[in-house]
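Q: quick one: sequence and predicted model below, then my questions.
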Amino acid sequence: MKLRGLYAITDSQLLTGKFLPYVEAALEGGVTLLQYRDKSQDQSRRLREAEALAELCARYKTQLIINDDAELAARLGVGVHLGQTDGPLTPARTLLGREAIIGSTCHAQLELAEQAAREGASYVAFGRFFNSVTKPGAPAADTALLDQARARIKLPICVIGGITLDNAAPLVAHGADLLAVIHGLFGADSTQEVTRRARAFNALFASA
Ligand SMILES: Cc1ncc(COP(=O)(O)OP(=O)(O)O)c(N)n1
Ligand SMILES: Cc1nc(C(=O)O)sc1CCOP(=O)(O)O
Ligand SMILES: [Mg+2]
């Protein structure tokens, strides 16, 4: 499967009271990967929500990725995204199997991406590219890094951090394969607007 297009990421605070309708609206517009990102320790809610997303993703033929938690991903038979402090990649690959999608946060460091590639990552993620409401403190990355990454890394390249429809096009032009977006997608004030944004993010790849 080609990892290219919109990578929608959920946010439990932003989606309070509209979690499934907003996610379904995004899927309706077209989502290559959907990440379930919930930073709480409420294990039963996490399992319940992740199961609901797995069902929705199956219906829309979208790949589900669980943030941080390889055990939960294994339980659902889906992929995982691991940051630099979320545990090593190699055992996650062993746990999830060869076919699973495993992503790795590489901040603005090519060396981390090369290491992730050696350890079996499916894609590498760089960021943050712009000011992020969701994660203001994340280290900054720029398009020069993206050019270098494109030349050196063979894996799909994901970009993240403050991405909106107004600033995403240059990232695609500099070689990004996946646009990972929270606020720029789910910050919309209606389900119709979420669907419109999802379509518009995907259209950036059609012209690239
Ligand atoms: C696609 C994608 N890229 C980066 C991250 C950030 O992961 P991490 O650094 O582990 O931070 P948290 O998201 O866990 O707070 C991500 N989740 N997804
Ligand atoms: C979860 C996350 N990780 C980042 C990184 O740079 O690694 S930036 C980020 C937040 C992405 O949300 P938004 O699209 O609302 O900025
Ligand atoms: Mg993490």
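A: All right, it came through fine. Ligands and ions are numbered 1, 2, ... in the order given.
Q: next one: the closest residue to ligand 1 within the chain from Gln63, what distance?
A: The minimum distance from the chain to ligand 1, using CB to the nearest ligand atom, falls at Gly83 (1.8 Å). (C-beta placed from N, C-alpha, C; glycine too.) Distance of Gly83 to Gln63, given as CB to CB, to the nearest Å: 19 Å.
Q: higher neighbour count, those two?
A: Neighbour count, other CB atoms under 10 Å: between Gly83 and Gln63, Gln63 has more, with 18 against 14.
Q: isn't the more buried one up against Gln35?
A: No. Judged on CB atoms under 8 Å, Gln63 makes no contact with Gln35 at a distance of 9.7 Å.
Q: and Tyr7, what does it touch?
A: Val31, Thr32, Leu33, Leu34, Gln35, Cys158, Ile160, Leu178, Leu179, Ala180, Val181 (CB atoms under 8 Å, 6 or more residues apart in numbering).
Q: next, format those residues as TSV and append distance to ligand 1, neighbour count and secondary structure.
A: Formatted as TSV, the contacts of Tyr7 follow (distance: CB to the nearest ligand atom, whole Å; neighbours: other CB atoms under 10 Å; DSSP: H, G, I helix; E, B strand; the rest coil):
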residue	distance to ligand 1	neighbour count	secondary structure
Val31	13	24	coil
Thr32	11	21	coil
Leu33	8	27	strand
Leu34	11	24	strand
Gln35	6	23	strand
Cys158	5	24	strand
Ile160	4	27	strand
Leu178	7	24	strand
Leu179	10	28	strand
Ala180	4	28	strand
Val181	9	27	strand
